[in-house]
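1. Below is the sequence, then the predicted model.
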Amino acid sequence: MSQETIVVDDDGAVDPNLPPDPSRRFWVGTACAVGGVAGVATAVPFVSTFAPSERARAAGAPVEIDIADLAPGQMRTTEWRGKPVWVIRRSEEQVAALKQLDSQMADPHSERPGYTPEYAKNEYRSRKPDLFVCVGICTHLGCSPTPRFAPGPQPSLPADWQGGFLCPCHGSTFDMAGRVYANKPAPDNLEVPPYEYLSDDRIIVGVDEDNKA
């Protein structure tokens, strides 16, 4: 196989008077092409970091929740708009206890604006008495309260405790309807997000009469 010799000067430069070496042209071109591909390969992951992730795209989307197997006294947690949403199936005893607590609540009828949609401005703060849906973030400084559903005296809770939530950060307490007890740091009841029933066994969080997907 014939080969062409590349002659170089004493300083290592290619002699400009020689005709271009076809094989050299080929490898230089190949190197440029490979470099270009590598540049694109490097750029694609970098550029893709600017594209929203699946999680980010779904962050504001409505979330469907199956409640068919949610037993009384149980809670299910999901995420909507980056916030924890609690779905609690209250027992008959827990629902009955709510009326007894009105006098201890800072806003028993959820009259303060911003945290309760119209259909939840009732004693249960829900569409149906048994199912309670709320955002699991304290309205004081954004901590996440701890479920304390068992009634009775417990550490950091009153002796006549009827079940609810205790914020571990500054001691705010909420009943089983997310209503804040009076004289606590939290200024408002727990937020009730927009939600609807799709069926008896399924709800969707993120849409309601005033918030359409």
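-> Perfect, I can see it now.

2. how far away is the residue nearest to E123 when sequence neighbours are not counted from A71?
-> Counting by C-beta to C-beta, 6 or more residues apart in numbering, E123 lies nearest to L98, which is 5.4 Å off, once chain neighbours are set aside. The way it works is simple: take the backbone N, C-alpha and C, and place the C-beta from them, glycine included. Counting by C-beta to C-beta, to the nearest Å, the separation of L98 from A71 is 19 Å.

3. These two: who's more crowded?
-> L98 (24 against 7; other C-beta atoms under 10 Å).

4. In terms of helix, strand or coil, where does the more buried one fall?
-> With DSSP: H, G, I helix; E, B strand; the rest coil as the basis, L98 sits in helix.

5. Could I get the contacting residues of it?
-> 123-124, 175-177 (C-beta atoms under 8 Å, 6 or more residues apart in numbering).

6. which SS state does the nearest residue to P145 once chain neighbours are set aside fall under?
-> Once flanking residues are discounted, P145 sits nearest to F165: 3.9 Å by C-beta to C-beta, 6+ apart. Following three-state DSSP, the label given to F165 is strand.

7. isn't F165 right up against R148?
-> Yes. Counting by C-beta atoms under 8 Å, R148 is a contact partner of F165 at 6.4 Å.

8. Between these two, which has more neighbouring residues?
-> Using other C-beta under 10 Å as the criterion, F165 and R148 rank with F165 on top: 24 against 18.

9. could you check the distance from the more buried one over to P147?
-> From F165 over to P147 (counting by C-beta to C-beta), the distance is 6 Å.

10. same thing with A177?
-> A177 sits at a distance of 13 Å from P147 (criterion: C-beta to C-beta).

11. neighbour count winner among these two?
-> A177 (29 against 16).

12. Okay, and the more buried one sits in which element?
-> Remark: A177 resides in no helix or strand, with elements defined by DSSP states H and E.

13. Which residues are in contact with it?
-> 98, 123-126, 132, 189.

14. Then M105?
-> Taking C-beta under 8 Å, 6+ apart as the test, what M105 contacts is 175, 179-182.

15. Over to E123?
-> So E123 contacts 98-99, 102, 108-109, 177 (C-beta under 8 Å, 6+ apart).

16. Would you mind measuring from it to H140?
-> As for E123, its distance to H140 is 23 Å (criterion: C-beta to C-beta).

17. Which residues are in contact with P72?
-> Remark: with contacts taken as C-beta under 8 Å, 6+ apart, P72 is in contact with 89-92, 94, 130.

18. The chain: helices as residue ranges?
-> Counting by DSSP state H, the chain has helices at residues 22-48, 54-58, 92-100.
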